[in-house]
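# need coordinates for the below:
(one chain, ligands or ions: 2)
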Amino acid sequence: MHSQIEKLYKIANKKERLIIGLMSGTSLDGLDVALCRITNSGPETEVKILKFETEPFNDSLKAEVRKIFAKEQINFQDLCLLNPWIALQHGHLINECLKKWQITPDSIDLIASHGQTVLHAPKRLHQQSNFGNSTLQIGDGDHLAVKTGIITVSDFRQKHIASGGEGAPLAVYGDYLIFSKRGEERIMLNIGGIANFTYLSADLDPDKVFSTDVGPGNTLIDVFVRKFYPQYTYDKDGEIARSGKVNIELLKELKSHSFFVEDFPKSTGPELFSVAYVEKALQESKNQHINPEDLLSTLTQLSADSIITSIKSCFEEEKPLHVYSSGGGIHNKELMRRIQVELPNCIFHSTEELGITPDAKEAVLFAVLANELVAGKEDSLFGNPAREIPKVTMGKISFPDK
Ligand SMILES: Nc1ncnc2c1ncn2[C@@H]1O[C@H](COP(=O)(O)OP(=O)(O)OP(=O)(O)O)[C@@H](O)[C@H]1O
Ligand SMILES: CC(=O)N[C@H]1[C@@H]2OC[C@@H](O2)[C@@H](O)[C@@H]1O[C@H](C)C(=O)O
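Ligands and ions are numbered 1, 2, ... in the order given. From the prediction side, this is the model:
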């Protein structure tokens, strides 16, 4: 047997594994690196975060990615060059983290790498009859494995699509395994560039579980902060939004997009929630000369309303729901205030109360997916195919060869 296969076999048979989960989301703020100790698999999975860092991306990395990020037309060579280059950048950041933590690569069992989404094109968005759902994450796993010397699991979304899903959201798989709690109706709300949630039923019934993107989280806020306030990259604590007024006509126009009336579950991205989408709405509502703080206030209300309306439309009002929030958007106090005011029957928490740092949650998710791929049992795989959550393992394995 090849020594790497033998090593993987041993890792699969361990009771607990050290897995580095990586997430670089749509906000392009940095690489989330979560060193997790994962015990068991399937419904018995337990996760402890041993270390967590967000390694900020420097301006040149952001500029390189933005050349091809969520764009309909790009230079094909840029895409080709960035696929290994991103992996090498991520590999370098992992090596730096390991040095800082004084942990040697050979004590890590696996890396679980999401990669960088450069385009998400579910059929609902591209609408081309000959083609199905599609998504592209770059940062090739072989390059990461060779750069770090650690067996790497990557490219999780393709199997989801191959099995009938849209390739997103995937958080539901980790949410079900690590956050389900008998006797408590839970919503796991993540506010990243895009906002999404998972519903976990109090009776633990997997057939009731579902997950969906709901619309923009921080993505539009970030883009227009960068445009009008170049010294900032986001609206810290929502202060700009708080100083402005919501423009009702513009908000109505933004909400008239067909995405908001499509059935759940659905996935989306900055391909739809883009500058062009906002500029069209500004034009249609005759608000091209809106002042920046009113625009930011309106975009913040759009994010809040996307979340509020989706939760209200999926659940009866009397149902006591516990909402556990994560993602960078939870630091936007004005956004969170507006959401909480309109959902008085929900009890709001942070995932911190469940032992998972909110900024680390998505990176942990990919560590859990890698754990299921390598050590999960086929008969205890989670899924709910009726709600587009296929029962599958996800990820591709790359070996460093030494
Ligand atoms: N103090 C703060 N005030 C307001 N917003 C904040 C604050 N801190 C972080 N954010 C927001 O959180 C964003 C980063 O969020 P996060 O890392 O969850 O996004 P992501 O993982 O890239 O997104 P996605 O989950 O869509 O892929 C920042 O770009 C910013 O908009
Ligand atoms: C294609 C893609 O990268 N989608 C991301 C993005 O960021 C949030 C939302 O849009 C979600 O659908 C997804 O990520 C999380 C981790 C998910 O799949 O659950």
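
# tell me how many other residues crowd L381.
Neighbours of L381 under the rule other Cβ atoms under 10 Å: 15. Where C-beta positions appear, they are placed from N, C-alpha and C, glycine not excepted.

# chain center to stretch 363-382: distance?
With Cα atoms, centre = their mean, to the nearest Å as the basis, stretch 363-382 stands 17 Å off its chain's centre.

# check which residues of it are buried.
Of all the residues in stretch 363-382, those buried under the rule 16 or more other Cβ atoms under 10 Å are 363-376, 382.

# which of these sits closest to K14?
Within the buried residues of stretch 363-382, the smallest distance to K14 is 7.5 Å, found for A375 (Cβ to Cβ).

# contacting residues around that closest one?
Listed by Cβ atoms under 8 Å, 6 or more residues apart in numbering, the contact partners of A375 are 11-14, 17, 41.

# picking up where we left off before, quick one: which of the buried residues of stretch 363-382 is nearest Y234?
Of all the buried residues of stretch 363-382, Y234 sits closest to A363, with 19.3 Å by Cβ to Cβ.

# can you list the low-confidence ranges for this protein?
Of all residues in the chain, none has pLDDT under 70.

# now do the same contact list for F69.
28, 116, 118, 270.

# which SS state does the last one fall under?
At P270 the chain is in coil, as set by DSSP: H, G, I helix; E, B strand; the rest coil.

# relative to V278, how far out is it?
11 Å (Cβ to Cβ, to the nearest Å).

# these two: which is more packed in?
P270 (24 against 21).

# what is the neighbour count of the nearest residue to the more buried one once chain neighbours are set aside?
Leaving aside its sequence neighbours, P270 sits nearest to A70 (Cβ to Cβ, 6 or more residues apart in numbering; 4.4 Å). By the criterion of other Cβ under 10 Å, A70 has 21 neighbours.

# please, where are all the helices along this structure?
For the chain, the helices defined by DSSP state H cover 3-13, 59-66, 76-101, 123-126, 141-148, 157-162, 171-179, 219-228, 239-243, 248-255, 275-284, 292-314, 333-342, 361-375.

# so does stretch 300-311 get close to ligand 1?
No: no part of stretch 300-311 sits close enough to ligand 1 to count as contact by Cβ under 6 Å from any ligand atom; the gap is at least 9.7 Å.

# what would the contacts of A375 look like in TSV with neighbour count and distance to ligand 2?
Below are these laid out as TSV (neighbours: other Cβ atoms under 10 Å; distance: Cβ to the nearest ligand atom, whole Å):
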residue	neighbour count	distance to ligand 2
I11	17	24
A12	15	24
N13	9	29
K14	13	26
R17	21	21
S41	22	20
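
# run through the residues of the stretch 151-300 of the chain sitting next to ligand 2.
Residues of the stretch 151-300 of the chain found near ligand 2 (Cβ under 6 Å from any ligand atom) are 167-171, 192-194, 196, 213, 267, 269.

# for those residues, pick the one with the most neighbours.
I194 (29 neighbours).

# ok, what's across the strand from that residue?
On the basis of DSSP bridges, I194 is bridged to P216.

# F131 and L125 touch, don't they?
No: F131 is beyond contact range of L125, at 11.1 Å (criterion: Cβ atoms under 8 Å).

# higher neighbour count, those two?
A direct count of neighbours by other Cβ under 10 Å for F131 and L125 places L125 higher, at 19 against 10.

# run through the residues that contact the more buried one.
Per Cβ under 8 Å, 6+ apart, neighbours of L125: 268, 271-272.

# so which of these is the closest to ligand 1?
For the contacts of L125, the residue nearest ligand 1 by Cβ to the nearest ligand atom is T268; the value is 10.0 Å.

# quick one, phi/psi of K266?
Main-chain torsions, K266, degrees, to the nearest 10: phi -150, psi 160.

# residues touching W85, list them.
Contacts for W85 (Cβ under 8 Å, 6+ apart) come out as E64.

# for the remainder of this discussion, apply numbering that starts at 8.
In the new numbering, first residue 8, that becomes W92.

# what about it, distance to ligand 1?
Relative to ligand 1, W92 is positioned 19 Å away (Cβ to the nearest ligand atom, to the nearest Å).

# do E62 as well
Counting by Cβ to the nearest ligand atom, the gap from E62 to ligand 1 is 12 Å.

# with K22 instead?
For K22, the distance to ligand 1 - Cβ to the nearest ligand atom - is 31 Å.

# how near is the residue nearest to that residue when sequence neighbours are not counted to K21?
Spatially, and ignoring its direct neighbours in sequence, K22 is nearest to T46 (6.3 Å; Cβ to Cβ, 6+ apart). As for T46, its distance to K21 is 9 Å (criterion: Cβ to Cβ).

# what sits against L350?
315, 318-319, 330.

# filter the residues of the stretch 158-307 of the chain next to ligand 2 by proximity to ligand 1?
With the criterion set as Cβ under 6 Å from any ligand atom, the members of those near ligand 1 are 199-201.

# between those residues, which is closest to ligand 2?
I201 (3.6 Å).

# that closest one is in contact with I228, isn't it?
No: in terms of Cβ under 8 Å, I201 does not count as a neighbour of I228; the distance is 11.9 Å.

# which one of the contacts of L132 is nearest G362?
Each of the contacts of L132 was scored against G362 by Cβ to Cβ, and T275 proved nearest at 29.6 Å.
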